[in-house]
Structure formats: C-alpha cells, structure tokens
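Colleague: just to be clear, the model below is a prediction. Sequence and coordinates:
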Amino acid sequence: MSIICRIQPKIITKPPLFSLKTSYSSSSVLVTMSYDRELVAAKKAASLAARLCQKVQKDLLQSDVQSKSDKSPVTVADYGSQALVSFVLQKEFPSEKLSLVAEEDSGDLCTDGAQETLERIRKLVNDTLASDRSYSVSRLSTEDILQAIDSGKSEGGSQGRHWVLDPIDGTKGFVRGDQYAIALALLDQGKVVLGVLACPNLPITSISGENQHAFNSGEVGCLFFAEVGGGTYMQSLNGSSPLKVQVTAVENPEEASFFESYEAAHSMHDLSSLIAKKLGVKAPPVRIDSQAKYGALSRGDGAIYMRFPHKGYREKIWDHAAGYIVVTEAGGVVRDAAGIPLDFSRGKYLDVDTGIIVTNQKLMPLVLKAVRESLEEKASSL
C-alpha cells in the first residue's frame with residue numbers, strides 16, 4: 001500500500017460572519033466583537049481532542065511514540081488531536097476559510113513505514129467522532145486525516161483571524177502519564193481573543209504547595225476557557241457547571257508559590273531558584289508540564305509562573321496563546337523578562353526577552369526587579 005500525500009486544501013473565499021455586542025452610555029456607543037460561537041466551537045473541539053488523548057494515554061504503547069526531526073516526541077494522539085480539532089472547526093464554520101497555526105504536519109506520516117501509525121490515527125479519530133454523534137459524516141479516510149492535519153500550516157500574522165493549536169502541549173508529560181493540555185486559541189488582527197485549555201489530568205481541586213496530594217486523589221479533568229472581556233471560567237471535562245476563576249490576590253512574595261516546567265531542558269531551574277530566593281519565596285517550586293500551569297495559576301493555585309528557555313530556543317505562539325488569555329482574563333499579567341507584553345501578531349514565533357513571567361498585578365513589579373537583578377548576577381559570574 002502506498003500513500004500519496006499531495007493534498008490541496010479547500011479554499012473558500014466567502015468572508016467570515018461576525019456578531020457584535022453593543023454597549024450604550026450617555027456619551028458614546030461602544031461596539032465590541034462577540035466570539036461566543038467561536039468559543040462554543042473551541043470548547044467542543046478541545047473536549048473531543050481530550051477524549052481521544054485520554055484513550056491513547058490509558059493504553060499507550062511504545063509504538064505510539066515517534067521522534068520528530070528535532071528529536072522531540074510525538075504520539076498518535078498529537079496527530080489525532082490536531083486532525084479532530086481541524087475537523088470540528090471546519091464543520092462548525094463551513095463558510096469560512098480555516099486558518100490554523102498548529103504544531104504538527106503530516107510529513108512523517110507520508111513515509112512507507114508510517115502506514116500502520118496513520119491507520120491507527122484514522123481509527124482513533126473516527127471512533128471519537130462516532131462516540132460523540134454530533135456530526136453525521138461517513139468515516140474519514142486516511143487522506144481526510146492527512147488533509148485535516150495539514151490544515152495547520154498557516155503562518156498566522158497581524159491580519160485576519162487565525163486559530164492557534166497545540167494538539168498536545170507537554171508531550172513528554174503525556175508519555176510519562178503526567179500533565180498535558182490541549183491548547184486552542186483564536187487570534188483576530190494579531191490579538192488573542194479567546195482561549196481554551198483542556199487539561200485531562202489536572203485535579204479539579206487546588207494543586208497549591210500545601211495541597212500537592214491532590215495530584216494523586218480526587219476527580220481530575222479541567223476545562224478552562226476565556227473570551228476577551230468576559231473573564232475566565234473552569235469546569236470539569238465531564239461537563240459540570242462553569243465557575244468563574246481569579247488569580248490569587250497574594251501581595252507578599254514570601255507567601256507566594258511558583259510554577260515552573262517539569263523538564264529542566266525546557267527552562268533554567270537554577271535561574272528560577274535564584275529569583276525565588278531574591279523574592280523571599282519559601283515554598284518549593286511546583287513543577288508540572290504544559291500550559292496546565294496557566295490554568296492552575298488562573299484559579300489561584302500558585303502566584304507566579306516563570307519560564308526561562310535555554311539560549312537559542314524560540315518560543316512558539318501555540319505554547320502560550322491559550323494560556324495567555326486564560327490568565328489575563330482571570331486578572332493576571334503576562335510579560336517577558338523585560339516587562340514587555342507578548343506579541344502574537346508576528347507569525348509562528350514569539351520574540352521575547354530571555355523568558356516569560358506570569359503573575360498578578362501586585363507581584364509583577366517585584367518579580368521583574370528580581371529577574372533583572374538575577375540576570376545581572378548570573379552574567380557577572382560568567
């Protein structure tokens with residue numbers, strides 16, 4: 001059996017339809033864009049992708065894990081998640097041209113040795129759609145799957161609307177059986193206007209430093225979602241009523257706890273430790289994978305999240321877009337190490353100074369000061 005991977009994306013030129021929210025005051029009329037339909041679709045897509053990922057993680061086989069050209073792991077769940085999200089968005093907005101900026105492409109699935117993997121992905125996607133019954137479609141072919149995956153080749157940018165997807169953020173955590181997230185956001189004219197984080201293994205209850213036993217007990221599976229101007233909400237992936245969440249109001253850094261990446265290869269733990277020491281933080285760091293950290297911080301589980309990638313690494317927008325709006329709509333602040341807001345309008349990459357800091361309004365100036373001092377101290381010691 002041979003697979004021909006020459007798939008032409010569907011081009012539909014009809015412009016998208018928008019709805020407007022109008023607020024009246026005595027002196028002016030304020031018109032803001034509503035993204036309610038898009039938010040409903042994003043929640044649907046991320047939840048279905050989470051269902052597929054949960055099934056794969058439950059009976060993960062070594063054959064389900066491959067290595068990409070950059071040596072990072074990728075699983076059948078990454079591909080299946082991306083295909084599902086692409087499929088749902090195209091079904092929900094059939095008159096719009098889908099622009100999706102996503103992590104995966106079908107290149108590695110178009111080799112002779114990948115036929116078994118591709119068939120497994122096809123089955124996973126079809127079984128997930130069949131179990132949901134929202135869409136009356138015949139079973140997708142392997143070419144349908146490849147086309148859905150490759151719809152994620154958009155470059156993004158400052159013009160128009162672009163969906164941004166990390167089909168499994170935290171693949172290493174996923175493979176270990178730990179934390180991961182399906183992260184989906186929407187950019188409009190370069191601004192993040194909505195975001196959804198599906199975190200299948202994140203406990204419903206707090207995972208703050210004094211309650212880390214929550215990792216091993218109680219109900220898990222959280223869905224965080226936010227729309228610009230509408231706040232941030234959390235509900236169970238099983239469909240409980242949404243609860244509005246807020247970042248912590250802690251003002252004293254000594255009382256703060258902080259998140260950082262689980263993998264030392266993803267962030268410089270020694271720098272984070274030095275910053276925490278300067279701030280007087282007493283609690284040990286909470287190390288978990290993925291944008292689940294953004295979700296946990298948005299509901300007040302911790303006060304600070306610091307990420308300092310090693311030299312030469314460029315941040316991608318899909319690693320932060322959904323988490324960014326989930327935290328900012330919950331009252332938090334996201335900056336780079338120079339205190340500059342993140343700019344999602346420049347394509348696939350975020351050009352940030354040194355690292356990314358997430359905290360509340362009160363703590364940000366203190367954290368930035370400690371970051372600056374720590375970077376200077378680290379540079380002088382070289």
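Modeller: Structure received.
Colleague: for the stretch 51-200 of the chain, which segments are assigned as strands?
Modeller: 65-67, 73-75, 100-102, 161-169, 181-188, 191-203 (DSSP state E, counting those that start in this stretch).
Colleague: quickly note the distance from residue 158 to residue 345.
Modeller: When Cβ to Cβ, to the nearest Å is applied, the distance between residue 158 and residue 345 equals 4 Å. Glycine gets a C-beta too; all of them are placed from N, C-alpha and C.
Colleague: reformat the strands of the stretch 51-200 of the chain as CSV; add distance to residue 270 and mean neighbour count.
Modeller: What follows is the strands of the stretch 51-200 of the chain, written out as CSV (distance: least, Cβ to Cβ, whole Å; neighbours: other Cβ atoms under 10 Å):
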stretch, distance to residue 270, mean neighbour count
strand 65-67, 27, 14
strand 73-75, 25, 19
strand 100-102, 32, 24
strand 161-169, 24, 28
strand 181-188, 26, 28
strand 191-203, 27, 26
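Colleague: mind putting these in JSON lines, mean pLDDT and distance to residue 324 included?
Modeller: Shown next, in JSON lines, are the strands of the stretch 51-200 of the chain (pLDDT from 0 to 100; distance: least, Cβ to Cβ, whole Å):
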{"stretch": "strand 65-67", "mean pLDDT": "77", "distance to residue 324": "29"}
{"stretch": "strand 73-75", "mean pLDDT": "79", "distance to residue 324": "24"}
{"stretch": "strand 100-102", "mean pLDDT": "98", "distance to residue 324": "14"}
{"stretch": "strand 161-169", "mean pLDDT": "98", "distance to residue 324": "10"}
{"stretch": "strand 181-188", "mean pLDDT": "98", "distance to residue 324": "8"}
{"stretch": "strand 191-203", "mean pLDDT": "98", "distance to residue 324": "6"}
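Colleague: could these go into CSV alongside distance to residue 81?
Modeller: Putting the strands of the stretch 51-200 of the chain into CSV (distance: least, Cβ to Cβ, whole Å) gives the following:
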stretch, distance to residue 81
strand 65-67, 14
strand 73-75, 9
strand 100-102, 10
strand 161-169, 4
strand 181-188, 6
strand 191-203, 9
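Colleague: re earlier: can you work out which residues contact both of residue 158 and residue 345?
Modeller: 189, 190 (Cβ atoms under 8 Å, 6 or more residues apart in numbering).
Colleague: first-to-last residue distance for stretch 233-244?
Modeller: The first and final residues of stretch 233-244 sit 4 Å from each other (Cα to Cα, to the nearest Å).
Colleague: pLDDT score assigned to residue 13?
Modeller: Each residue has a pLDDT score; the one for residue 13 is 37.
Colleague: typo on my end, it should be residue 10
Modeller: Model confidence at residue 10, expressed as pLDDT, equals 40.
Colleague: again, but for residue 108
Modeller: Value listed for residue 108 in the pLDDT field: 91.
Colleague: measure it to residue 137 for me?
Modeller: According to Cβ to Cβ, residue 108 and residue 137 sit 26 Å apart.
Colleague: now swap in residue 244 and tell me
Modeller: According to Cβ to Cβ, residue 244 stands 35 Å off from residue 137.
Colleague: again, but for residue 356
Modeller: When distances are taken as Cβ to Cβ, residue 356 and residue 137 turn out to be 40 Å apart.
Colleague: between the two, which has more neighbouring residues?
Modeller: A count of neighbours by other Cβ atoms under 10 Å puts residue 356 above the other of residue 356 and residue 137, at 23 against 12.
Colleague: what about the spatially closest residue to that one that is not a sequence neighbour, neighbour count?
Modeller: With Cβ to Cβ, 6 or more residues apart in numbering as the criterion, residue 356 has its nearest non-adjacent residue at 4.6 Å, and that residue is residue 307. Neighbourhood size, residue 307 [other Cβ under 10 Å]: 23.
Colleague: wait, residue 307 sits on residue 260?
Modeller: Yes: the pair residue 307 and residue 260 passes the contact test of Cβ atoms under 8 Å, sitting 7.0 Å apart.
Colleague: show me the helices in the stretch 101-250 of the chain, by range?
Modeller: Under the criterion DSSP state H, counting those that start in this stretch, the stretch 101-250 of the chain carries helices at the ranges 115-132, 142-150, 171-176.
Colleague: and if you look at the stretch 251-382 of the chain?
Modeller: Under DSSP H, counting those that start in this stretch, the stretch 251-382 of the chain gives helices at 269-279, 292-298, 321-328, 364-380.
Colleague: how about CSV for those helices, with distance to residue 179 and mean pLDDT added?
Modeller: Listed next are these as CSV, based on distance: least, Cβ to Cβ, whole Å; pLDDT from 0 to 100:
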stretch, distance to residue 179, mean pLDDT
helix 269-279, 17, 92
helix 292-298, 5, 98
helix 321-328, 13, 98
helix 364-380, 23, 95
